[in-house]
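In: have a look at this fold, sequence not included:
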């Protein structure tokens, strides 16, 4: 008993042709960009700006234990500014 050959799918040919066409196109053509177009350069400021008033420092006085060689632990008032 003879078995007829399996019919080939005709949908593969256009699909393969489209994939081949996409593979051969350069990447810039797909992105829609020209190779010579560059983004504009950022403009540097003409002058420097500084605030007229300095920011207030957040300072606190607290008691801390500090190790002093020869004396041991000593409690001192320490000012810490952030």
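Out: Sure thing, it's come through. In this text, all values refer to a predicted model and were calculated from it rather than measured experimentally.
In: for this protein, what spans make up the helices?
Out: 12-24, 27-31 (DSSP state H).
In: in a markdown table: those helices, plus distance to residue 49, mean neighbour count and mean pLDDT.
Out: (Glycine included, C-beta is placed from N, CA and C.) Converted to a markdown table, those look like this (distance: least, C-beta to C-beta, whole Å; neighbours: other C-beta atoms under 10 Å; pLDDT from 0 to 100):
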| stretch | distance to residue 49 | mean neighbour count | mean pLDDT |
| --- | --- | --- | --- |
| helix 12-24 | 51 | 9 | 79 |
| helix 27-31 | 39 | 9 | 56 |
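In: ok, which of those helices comes nearest residue 4?
Out: Residue 4 lies closest to helix 12-24 among the helices of the chain, at 19.4 Å (C-beta to C-beta).
In: got CSV for the helices of the chain, with distance to residue 37 too?
Out: Output for the helices of the chain, formatted as CSV (distance: least, C-beta to C-beta, whole Å):
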stretch, distance to residue 37
helix 12-24, 22
helix 27-31, 10
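In: looking at those, which is nearest to residue 78?
Out: helix 27-31 (60.3 Å).
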